[in-house]
Structures are given as C-alpha cells and as structure tokens.
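> next input, structure requested:
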Amino acid sequence: MSEPVPPQIELRRRIHLTRLIGEGGMGRVHDGFAPDLGHYVAVKILRAEYADDAEVRARFEEEVALLAQIDHPVRWHESMEKLVADGFDIFIEVGHGNVLSGLIKRLAGDATILSAGTPEDVEKCVQALSS
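Residues are numbered from 1 along each chain as shown. The predicted structure follows:
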C-alpha cells in the first residue's frame, strides 16, 4: 500500500483520487472526489491480471449492480429490513449527511449507527469497530 496514489483517473467522469483505502486480492480501493457531483466516492481499481478474466468481471459487475440499488429507496428499505431481521445491529452511513442513519434508527432503534463522511470519520469507525 505504499505506492503513490495517482492524482486522477478517467472513468465515466473525472475522479480525483485522494488516498488508498485498502487493497485486496482483486485490486485496490481509493478514496476519491468527483468534482461534478460535489462529493466523495470510493473507486475500486482491478488488478491488470484480472482485466480479461470473465469470472472476475462478472463478480465486479454484480457489485456495481448491488450498489446501484442503494439509490432506490424501496429496495434500500427492503434491504435494511432484511439485515435487521437477520440480526445485524451495526450500520455505517458512508458519505456526508445523516438521512440514512435516521431511517435505520426508525427500523432498529437499538442498532449502533456510525457515520463516515470524511476520511477522519472512517478512521473513527475503524477504531470503534476494533474495540
């Protein structure tokens, strides 16, 4: 994780990568900023050796499809209800604001809700989850 973070990468929009968040078997996840959206985003960059791997690409596309559902309130609500019913009791709202935290509080009043709107908040979440 010591390699420098590229200043920007051209995707479907211009994203300014600010720091490396993590690294795994499939690739790296960077914290970034999308100026046209005005908010922070996470960017997953697959390793070059997986670029032509159909199985890895299908898994990556599944992740994208799941993430696309987050902005659909009905699916989001159904997903949260399922997580609560399955016993999940810690939730992290990623991004600026606390609207989703309020909605989760209504669904599961005794749940632990953490907020990660800034890189510093992410560090606080990691510390809270480590203790």
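> which residue ranges of this structure form helices?
Assigned by DSSP state H, the chain shows helices spanning 54-68, 73-85, 99-107, 119-130.
> redo those as JSON lines? Include mean pLDDT and distance to K44.
(Each C-beta comes from the backbone N, C-alpha and C, glycine too.) Formatted as JSON lines, the helices of the chain follow (pLDDT from 0 to 100; distance: least, CB to CB, whole Å):
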{"stretch": "helix 54-68", "mean pLDDT": "80", "distance to K44": "7"}
{"stretch": "helix 73-85", "mean pLDDT": "80", "distance to K44": "20"}
{"stretch": "helix 99-107", "mean pLDDT": "85", "distance to K44": "21"}
{"stretch": "helix 119-130", "mean pLDDT": "92", "distance to K44": "16"}
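> same list (those helices) but as JSON lines, adding mean neighbour count and distance to E23.
Shown next, in JSON lines, are the helices of the chain (neighbours: other CB atoms under 10 Å; distance: least, CB to CB, whole Å):
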{"stretch": "helix 54-68", "mean neighbour count": "11", "distance to E23": "16"}
{"stretch": "helix 73-85", "mean neighbour count": "13", "distance to E23": "27"}
{"stretch": "helix 99-107", "mean neighbour count": "14", "distance to E23": "27"}
{"stretch": "helix 119-130", "mean neighbour count": "12", "distance to E23": "15"}
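> just how off-centre is the strand ranked longest in the chain within its chain?
In the chain, with assignment by DSSP state E, the single longest strand is strand 14-23. With CA atoms, centre = their mean, to the nearest Å as the basis, strand 14-23 stands 12 Å off its chain's centre.
> quick one: mean pLDDT for that strand?
For strand 14-23, the mean pLDDT works out to 85.
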